[in-house]
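J.: Next comes the sequence, and after it the predicted model I'd like to discuss.
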Amino acid sequence: MSYRGLLRSIKERINLLDAIRVQIKGKRGFAKPTFNKICMDVDDFVLKGSIIKNKAEQGYIEGLIVKITQRDFPDFCSREGYTGGNKLITYSSNFNSVGEALWKLFQESIKNDYYKSIRNYRMKLKDKLDYTSKHYIPHPLVIKNLGYAIMFIAPGKYGTGNGNLKSRKNEENISYFMDINEVLKRADVNKNEFLTYTLECLYGGVHGINVKDIIDLISVNSEFFNEVKKKFNEELIIKEKVQFANCIFGSLDNYKQKFGNFEQNLSRSGLKSMIDYDD
């Protein structure tokens, strides 16, 4: 959801070719246990989406789609705890992209119930690759006027595709999204690690992505909220914008042509209420 979050999770630099802001119907929140923190997951999702609208829409979640090379794809998968990236490339060799191959598999998996369709898709994917993961699993998206993409979703109630492999969510008996207070009460969560991760999620708002649903998970009267506000200083916000712009678009001018006015992006995303900044 942000440039900082992407880079911190990848050991070697991945070549980012493009980035686009998109939305899908669904809900997201903290639900996936990993590495001393609880990470983001989605539910009630629809595997179709579109470029974001001028005004954020209720019932939708927003994020960045990044375009990468096939060479970098396995590393990106490993970032999500899914080590089957090379198998996915081999499986999709007769298609234009991995996303297209997975979308065809999903179409073959559709049942009269969406819950059953997702479970069936994961079982078929596991059978095709002889592999699945307890962490995150790739799902296809069709983005209107863009084409196919991939979203990684943590297996929980939909299963891993392997009846003998429990997901991390099932291992911890997590079946719902947690707010910040619930997360911080867990013995397996390191507060500093989780604070860093939360910031990395929220920094997507610098680019105009609506993160109000995440902000709403933080109690405004809490110490954690004050720490988040303190971290949102001008230097870090500028760093997110400049690094993202230079890495993908080559310059701030090119970035502005695609992502628009910085202050308007902060207002649209919900971050404006947490910081003081003039473009």
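T.: Looks like it came in fine.

J.: I'd guessed Lys25 sits against Ser50; true?
T.: No: if you go by Cβ atoms under 8 Å, Lys25 and Ser50 don't touch, sitting 10.0 Å apart. Just so you know, the C-beta spots here come from the backbone N, C-alpha and C atoms, and that holds for glycine as well.

J.: Ser273: what's it in contact with?
T.: By Cβ atoms under 8 Å, 6 or more residues apart in numbering, the residues touching Ser273 are Ile215.

J.: Recalculate using a threshold of 7 Å.
T.: Listed by Cβ atoms under 7 Å, 6 or more residues apart in numbering, the contact set of Ser273 is empty.

J.: Model confidence for it, exactly?
T.: In the predicted model, Ser273 carries a pLDDT score of 80.

J.: can you give me phi and psi for it?
T.: Dihedral angles of Ser273 (phi, psi; degrees, to the nearest 10) stand at phi -70, psi -10.

J.: Please report how far it lies from Pro74.
T.: 39 Å (Cβ to Cβ, to the nearest Å).

J.: swap in Ile214?
T.: 29 Å.

J.: And for Lys239?
T.: 28 Å.

J.: for Val211, same thing?
T.: For Val211, the distance to Pro74 - Cβ to Cβ - is 29 Å.

J.: When those two are compared, which one has more neighbours?
T.: Val211 (26 against 17; other Cβ atoms under 10 Å).

J.: ok, how many other residues are close to the residue lying closest to the more buried one once chain neighbours are set aside?
T.: The shortest distance from Val211 to any non-neighbouring residue, by Cβ to Cβ, 6 or more residues apart in numbering, is to Gly205 (4.3 Å). Gly205 has 29 neighbours, counted by other Cβ under 10 Å.

J.: Perfect, I'm done here.
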